[in-house]
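K.L.:
Need a 3D model of the following:
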Amino acid sequence: MAPEQAWPTSGDGRIPLGRFCRVTAGPSGSLLDNLQEGPNGVPVIAPPDLTEHFTVDTRRLRRVSHPQAERLARFELRAGDVLLVRQGTLGRLALVKDEQAGWLYSSSCLRIRVDQSLVLPAYLAAYLTHPPVQRELIAQAQSGTVPSLNSTMLTEFPVEVPPMDRQHDVVAALADIDEQITVQRMMLDRLVALRPSVFEQLTKGE
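P.N.:
Numbering: from 1, shown residues only. Just a heads-up that it's a prediction; the model follows:
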């Protein structure tokens, strides 16, 4: 049954996110008071580890011991989870990949676990990073010294959910664009690296 047939919608036809997702805030800071650097232990993803390209930067991850991670098993990540910053750089997110399954996440993040029979995680990630949607989401943040989102707020956030075949089309089209962006960035990086040597060769007449 299509989502729009199964669930009541808002006046504009959008569906509350909580109808097809479970939203879980990260463990409290007191449960992660033994974070450590180095290669040993289970990684804990924090807001600075989420990139503007919706991925996880693994270079500066901190970790907890395996016994501590076992006690925090309810906060484990699975492939397809969407991790959203709730404090700090609001709205930044990442789509969890297979290699990050079993990792944990900090108290400053929300884990969105999608019912993948109804919504594609990649579609939801794309929807939540669409600029007008980002502005709407951030506008609902609780004001204060550090603006924040919470699980209740996110559960009630309205989402446009097209049929599954349309979601696949959206994800495929955006993947093609992202691939072209990656190629263009690589070309730009090479040109930037080449520029100083060209300058030296031309000024020295080589």
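K.L.:
Please report phi then psi for residue 112.
P.N.:
Dihedral pair for residue 112: phi -110, psi 110, per degrees, to the nearest 10.
K.L.:
Can you name the residues that contact the residue lying closest to it once chain neighbours are set aside?
P.N.:
Of all residues not flanking residue 112 in the chain, residue 82 sits nearest, at 4.1 Å (Cβ to Cβ, 6 or more residues apart in numbering). Where C-beta positions appear, they are placed from N, C-alpha and C, glycine not excepted. With contact set as Cβ atoms under 8 Å, 6 or more residues apart in numbering, residue 82 has these partners: 93-96, 111-112, 114, 121, 124-125, 128.
K.L.:
Now render those residues as a markdown table, adding neighbour count.
P.N.:
Shown next, in a markdown table, are these (neighbours: other Cβ atoms under 10 Å):
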| residue | neighbour count |
| --- | --- |
| 93 | 19 |
| 94 | 24 |
| 95 | 20 |
| 96 | 24 |
| 111 | 23 |
| 112 | 27 |
| 114 | 21 |
| 121 | 21 |
| 124 | 24 |
| 125 | 22 |
| 128 | 20 |
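K.L.:
Now, those residues that are in strands?
P.N.:
Among those, the members found in strands (DSSP state E) are 93-95, 111-112, 114.
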